[in-house]
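S.K.: Have a look; sequence and predicted model below, questions after that.
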Amino acid sequence: MSELRIGVVGVGGMGGQHASMYGAHPRAQVSWVCDKNEEAGTAKAGELGATFTSDYAEMLGREDVDAVLVSVPNPLHFPFALQALEAGKHVAIEYPMTQTAAQYDELCAAADSRGLVLQDILTPVFEAQPLKMIELAPRIGKIMTMRSVYIGGAVDKWYTSTQQRGNYFAGLTIHNIVYYNVLLGESPTWVDAALHCDDESRMHSGLYMSGYPSGVLAFNEWHMGSRKAGRWLWVVEGEKGRLVYDTELFSRDEIRLEAVDGDETFELGGIRGTAHEDSVAGFVAQVLDGSDEPYVTREFGRDTMRICEAAQRSADEGRRVYLNG
């Protein structure tokens, strides 16, 4: 196989963006596009020179589809991906890959038993904020606490639809859960979470707190449906100072170091970096070249799903959930 022929299911949001990236890759071709929105699907298919269908089974039955990019609503990632694997297709899935760790395991087993590539497109692992924080962390000494607040709009988007979003923490808070774990290089031992989701007003809020083996405490507030301009704040507090990412006080492309030895501002070069392009290149290399370097390790991906699942359970049951037993 010299060229990877991709079928894309779901062209809204990141699905459409990743489809365009595959279309631009020199060793990939988007051959089919599937979407329930015929207008959007036809437009994307026309842009990429692909064939459009609203019938997912039809696309899976095609011999000119080697792999499937799954970008449907979050709760549907698992069944759509499993169906593609059972049809013998390699699969790349927008995050969150699944809603539970058990589903994650089932997809991995389905891929392995058929010798297929399964990619978890967990791009926050490689985004610019956590990578720059890792680089600067030695300047603030031992990390004590981390806290973040995200306030977003998207009143008419899937973010504020419980049915489309599924697990709140897997759909939204996952960004900072990943950032925290990447920065610390460890996974929390417990999580404590709460939710207030009003589907009538489309205002949804989630609170998340976790404790790490090193003693670090991490806090996150993630709000969607705001009628005012949004804000993203992330503060990492250490013995010798702090790191601050604040879209209200600074640019979206800056991190501020406030330390005892002086303050500095650092450019990120784009908050996403090349995370998305790298996921596309990595998937193509895995399928065509047999590369054994996954975009995200299964251990990290599964652990992230386990944390998100525990957070949802904590919010549902109103209690702290311990992750080690």
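M.R.: Perfect, thanks for sending it.
S.K.: Going by C-alpha atoms from here, please, whenever you check contacts or count neighbours.
M.R.: OK.
S.K.: quick one: the helix or strand that Phe219 is a member of to chain centroid distance?
M.R.: For Phe219, the element it lies in under DSSP states H and E is strand 217-224. How far strand 217-224 lies from its chain's middle: 16 Å, per CA atoms, centre = their mean, to the nearest Å.
S.K.: Please name the strands paired to that strand in the sheet, noting orientation.
M.R.: Applying DSSP bridges, strand 217-224 is found paired with strand 143-151 (parallel), strand 203-211 (antiparallel).
S.K.: got the buried residues for the helix or strand of the chain with the lowest mean pLDDT?
M.R.: Lowest on mean pLDDT, DSSP states H and E among the helices and strands of the chain sits helix 162-165, with a mean of 86. For helix 162-165, a neighbour-count test (16 or more other CA atoms under 10 Å) marks Thr162, Gln164, Arg165 as buried.
S.K.: Give me the neighbour count for the closest residue to the first one other than its chain neighbours.
M.R.: Yep, that's Thr162 we're talking about. Counting by CA to CA, 6 or more residues apart in numbering, Asp199 is the residue found nearest to Thr162 once chain neighbours are left out, at 7.1 Å. The local packing of Asp199 (other CA atoms under 10 Å) involves 13 other residues.
S.K.: Kindly provide the distance from Asp199 to Arg165.
M.R.: Distance of Asp199 to Arg165, given as CA to CA, to the nearest Å: 12 Å.
S.K.: just Val155 next, same as before
M.R.: Distance from Val155 to Arg165, by CA to CA: 13 Å.
S.K.: how long is stretch 155-170 from one end to the other?
M.R.: End-to-end distance (CA to CA), stretch 155-170: 19 Å.
S.K.: mind listing what's buried in it?
M.R.: Applying 16+ other CA under 10 Å to stretch 155-170 flags 155, 158-162, 164-170 as buried.
S.K.: before we move on, what about stretch 209-221?
M.R.: Met209, Ser210, Gly211, Tyr212, Val216, Leu217, Ala218, Phe219, Asn220, Glu221.
S.K.: now, the most widely separated pair of those?
M.R.: Distance extremes for these: the farthest pair is Tyr212 and Glu221 at 17.9 Å, using CA to CA.
S.K.: does Glu267 have beta-bridge partners, and which?
M.R.: Beta-bridge partners, per DSSP bridges, of Glu267: Glu254.
S.K.: Run a quick neighbour tally on it.
M.R.: If you count neighbours by other CA under 10 Å, Glu267 ends up with 15.
S.K.: my guess is it meets Asp253, correct?
M.R.: Yes. The pair Glu267 / Asp253 is scored as a contact, 5.8 Å apart, by CA atoms under 8 Å.
S.K.: give me every residue that touches His25.
M.R.: Neighbour list for His25: Ala281 [criterion: CA atoms under 8 Å, 6 or more residues apart in numbering].
S.K.: For Ala137, see how far away it is.
M.R.: Between His25 and Ala137 the computed distance is 35 Å (CA to CA).
S.K.: quick one: Val236 and Ile151, what's the gap?
M.R.: 18 Å.
S.K.: of these two, who's got more company?
M.R.: Val236 (22 against 18).
S.K.: which strands and helices sit next to the helix or strand harbouring the more buried one?
M.R.: Assigned by DSSP H and E, Val236 falls within strand 231-238. Other helices and strands packing on strand 231-238, by 3 or more CA pairs under 8 Å, 6 or more residues apart in numbering; DSSP states H and E, are strand 143-151, strand 241-246.
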